[in-house]
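> Sequence and predicted model, in that order:
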Amino acid sequence: MPGRRRPERDDASERPSLAPERVLAGRSLVHGRIQAVEVGLDSDGRILRVAKQMRGASRRDFGEMILMPSATDLHVHLREPASADSIENFASGTEQAAVGGVSAVGEMPNGSPPADRVDRLEAKRDRARGRLAVDAFLYGLASHPERISSLASIAAAFKLFECPTTGIDEPPDAPTRVQLLQEVDRVGLPLVVHAEDPAFFRATPAAETLSDWNRARPPEAEERAVTELLQAAPPLRLHFAHLTTVASIRRVRQAGFSCEVSPHHLLLAAGPAADARRKVNPPLRAEEMRSELYEAFRHGEIPMLASDHAPHSASVKAPPFDRAASGVPGLSTMLPLLLAEVRAGRLDLGTLIATACDRPARWMGLPQGRLVPRHAGRILAVDFRQRTEISARRLPAPCGWTPFEGREAIFPAYHIFDGNEIASAGQYTGSRVGRVVRPEFARPPAPHARPSG
Ligand SMILES: [Zn+2]
């Protein structure tokens, strides 16, 4: 049955000499050059072979379109379970992922109630059944050190908030944070941190513009939080969410840890506008810092891209500025915006694939993100001639607005998920075949298992 993964086997059926069930033909980036390729998929929708030419039972030719792996978004807020004023859920959120070329999303734990206990996380996993348009993996909330090991039976990773946020009023204090780092290290799962030290926030005067918000939560708050965590961190799979300053990114990389940057911090800057819709944490930075961040991204200094999709309703983003909720939607537009950057010659396609597709999947232990044998056949066909302007009216998003209105984008012409089409030209066309997944390294060893290569 397509879409189902079988356990790993080391018998003859894995031999690449088998004829593929399906062949996708197009062009692709191989060793830094765009060339004609054909991707052969097996009956489970996994990649069997990639070659210049091959035969298969069925064949789909994408002509001049670029075939690339779909993305993994480590950071989304689908708001499950939802509070009364929430408008997003597993179904609507994962449809936006499918349309935007994302085939696995990491759902953050600050729902209502938060995923801070194993029974809540179990209930959350059960709510996902039959509603996912793409795969999802669930974060447990790192709030109580004594709950980490039970949460680790369901969670794919953990999230630590250092400052209050939607659904989290009281983040753990410094001594508890150290215990949490040790406990997460013990269970061997990844830990993602929202690093901003509230001791550096300035509450007055009340923020009225994006520049005020940048001053209220200044870059130093991020830099100090990063430095402090790096000093406390055991050698765990530590990843810093949505960093905004090149200084903290370099510090994280020097210490051997991982981090992400979000499209809104790459593409939008703070300014005198009283635009509460672009209010986000950490704040948009001044233009000079934004362009520095983009340059670092372009030059491969930032390992990963993640949307931090936070779909608030238009009413909670309404003025006054200082009372509007923080966060912007961005799941369906992340890859399309950056594909437009590639088309404009400002970004390398290889850098985009590495940061959005390959590294996030690898970091989360998911067999996708590269066009190589044994990876899931999750493939985008991109036509770089199909330019469009982002318009909230045409996005499949219940929140009904986007901070990127009017910007150029290139949506994948087709999104193939385990061999089957799930989206085409901005429309979701699939059936809900997504599953809740966990990292391969988190699974208990199966009988006769061998280390994966
Ligand atoms: Zn977030």
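It's in. Numbers count the residues shown, from 1 in each chain.

> What lies in contact with the strand or helix carrying S291?
Taking DSSP states H and E as the criterion, S291 maps to helix 287-298. Helix 287-298 is contacted from outside by 219, 244-246, 249, 261, 265-271, 284-285, 302, 305, 346-348, 351, 355, using CB atoms under 8 Å, 6 or more residues apart in numbering. Placement of C-beta: from N, CA and C, glycine included.

> For the one helix or strand R127 maps to, enumerate the helices and strands it packs against.
Assigning secondary structure by DSSP H and E places R127 in helix 118-128. Judged by 3 or more CB pairs under 8 Å, 6 or more residues apart in numbering; DSSP states H and E, helix 118-128 is in contact with strand 135-141, helix 148-151.

> Which residues does that helix contact?
Contacts for helix 118-128 (CB under 8 Å, 6+ apart): 80-81, 90, 107, 109, 111, 113-115, 136, 138, 140, 147, 150-151, 153-155, 436.

> Going by neighbour count, which of those residues are buried?
Among these, those classed as buried by neighbour count (16 or more other CB atoms under 10 Å) are 80-81, 90, 107, 109, 111, 114-115, 136, 138, 140, 147, 151, 154-155, 436.

> Now do the buried residues in the longest strand along the chain.
Longest strand in the chain, counting residues (DSSP state E): strand 58-69. Neighbour counts over strand 58-69 (16+ other CB under 10 Å) mark 60, 62, 65-69 as buried.

> strand partners of it, parallel vs antiparallel please.
With DSSP bridges as the test, strand 58-69 is paired with strand 22-30 (parallel), strand 379-382 (antiparallel).

> Tabulate the ones you listed (JSON lines), appending mean neighbour count and mean pLDDT.
Converted to JSON lines, these look like this (neighbours: other CB atoms under 10 Å; pLDDT from 0 to 100):
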{"stretch": "strand 22-30", "mean neighbour count": "21", "mean pLDDT": "97"}
{"stretch": "strand 379-382", "mean neighbour count": "26", "mean pLDDT": "98"}
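
> Show me the one of these that comes nearest D173.
Proximity to D173 (CB to CB) singles out strand 379-382 among the strands paired with strand 58-69, at 43.7 Å.

> CA atoms only for that closest one - export them in PDB, please.
Only the C-alpha atoms of strand 379-382 are listed here, as PDB (Å, rounded to 0.1, in the frame of the first residue of the first chain):
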ATOM      1  CA  ILE A 379       9.500  15.200  -4.100                       C
ATOM      2  CA  LEU A 380       8.600  18.700  -5.400                       C
ATOM      3  CA  ALA A 381       8.400  19.600  -9.100                       C
ATOM      4  CA  VAL A 382       9.200  23.300  -9.300                       C
END
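
> Tell me which helix or strand comes right after it.
Using DSSP H and E, the helix or strand that follows strand 379-382 in sequence is strand 388-389.

> looking at this, P360 is in a strand?
No: according to DSSP: H, G, I helix; E, B strand; the rest coil, P360 belongs to no strand; its state is helix.

> Could you find the closest non-adjacent residue to it?
Nearest-residue entry for P360: T72, 4.0 Å, with adjacent residues in sequence omitted and distances by CB to CB, 6 or more residues apart in numbering.

> can you tell me which residues contact the one you found?
102-106, 356-357, 360-361, 364, 366, 368-369.

> mind running it again at 6 Å?
By CB atoms under 6 Å, 6 or more residues apart in numbering, T72 lies in contact with 104, 360-361, 369.

> May I see the buried residues of the helix or strand containing it?
Here T72 is covered by strand 71-76, with elements defined by DSSP H and E. Using 16+ other CB under 10 Å as the test for burial, strand 71-76 gives 71-76.

> quick one: average pLDDT of that strand?
Computed over strand 71-76, the mean pLDDT rounds to 98.

> I'd assumed G100 was in contact with Y428.
No: taking contacts as CB atoms under 6 Å, Y428 lies outside contact range of G100: 10.3 Å.

> Looking at those two, which is more packed in?
Between Y428 and G100, counting by other CB atoms under 10 Å, G100 is the more crowded of the two (30 against 21).

> okay, that one: pLDDT?
98.

> before we move on, what about P205?
So, for P205, pLDDT stands at 87.

> contacting residues for it?
With contact set as CB under 6 Å, 6+ apart, P205 has no partners.

> Look at it and give its secondary structure.
Here P205 is recorded as coil under three-state DSSP.

> ok, which stretches of the stretch 251-400 of the chain are helices?
263-267, 287-298, 334-343, 349-353, 359-363 (DSSP state H, counting those that start in this stretch).

> what would the ones you listed look like in CSV with mean neighbour count and distance to G32?
Shown next, in CSV, are these (neighbours: other CB atoms under 10 Å; distance: least, CB to CB, whole Å):
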stretch, mean neighbour count, distance to G32
helix 263-267, 24, 23
helix 287-298, 16, 16
helix 334-343, 24, 14
helix 349-353, 19, 6
helix 359-363, 22, 17
